[in-house]
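In: Attaching a predicted model along with its sequence, questions to come.
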Amino acid sequence: MNRENKKESFKKGHYKTHVCSDTFTCKVCGRTVVPCGAGTRHRNHCPNCLSSFHVDNEPGDRKDDCGGVMEPIAVWVRKGGEWAIIHRCRICGHLSSNRIAADDNPMKLMSLAMKPVVQPPFPLESIEEMMNLMGGDGQIIK
């Protein structure tokens, strides 16, 4: 990419009208990430480990100087049923949401979705006590 084209790619809104065709190596898991197979025009995270990097203030502007690893911490379902990954920067704590890609690791996505179920914010042993407090009979069938 020559200097003029590179400069053009940093202009506001450029990412909306131009396809990202850059191949890169994920700095977290070491896999080579190619743009094809994502099912979208823009690759913004590794399909293997789902990690990203904190480089944007606004999508595509590449103006944030943090550069921290954006760790996948959860998934959520957007209006219409589309899944998205919640990323948190390991350095500054910034949160962002990115659409999942067609070639994302399904086991990693499911493990993020199940995280609140397998790691509740309270001990599982306290469920019986909570049921009693809520007026239920509190009996757990074994």
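Out: On my side now, so go ahead.

In: lowest-confidence helix or strand of this structure?
Out: Across the helices and strands of the chain, mean pLDDT, DSSP states H and E gives its lowest value to helix 14-17, namely a mean of 46.

In: and the very next helix or strand once past that helix, average pLDDT?
Out: Once helix 14-17 ends, the next helix or strand along the chain (criterion: DSSP states H and E) is strand 24-25. Rounded to a whole number, the mean pLDDT of strand 24-25 is 80.

In: Repeat that for stretch 105-113.
Out: Mean predicted lDDT for stretch 105-113 stands at 95.

In: Give the buried residues for it.
Out: Within stretch 105-113, the residues that qualify as buried by neighbour count (16 or more other CB atoms under 10 Å) are 105, 108-109, 112. Placement of C-beta: from N, CA and C, glycine included.

In: all helices for the chain, in order.
Out: 3-9, 14-17, 106-118, 127-133 (DSSP state H).

In: show me where pLDDT drops low in this protein?
Out: For the chain, the stretches with pLDDT under 70 are 1-21, 36-42, 58-62, 136-142.

In: now the nearest residue to Ala113 once chain neighbours are set aside: how far from Arg99?
Out: Nearest residue to Ala113 in three dimensions, chain neighbours excluded: Val75, at 5.0 Å (CB to CB, 6 or more residues apart in numbering). Computed as CB to CB, to the nearest Å, the Val75 to Arg99 distance reads 11 Å.

In: How are the strands of this structure distributed by residue range?
Out: Along the chain, the segments classed as strands by DSSP state E run 24-25, 32-33, 52-53, 69-77, 83-89, 95-99.

In: Contacts for the longest one, please.
Out: Meaning strand 69-77. Applying CB atoms under 8 Å, 6 or more residues apart in numbering, the set of residues contacting strand 69-77 from outside is 27-28, 45, 49-54, 83-91, 94, 96-97, 100, 108-109, 112-113, 115-116.

In: Now, of these, which are buried?
Out: Neighbour counting with 16+ other CB under 10 Å marks 28, 45, 49-54, 85-89, 94, 96, 100, 108-109, 112 as buried within the contacts of strand 69-77.
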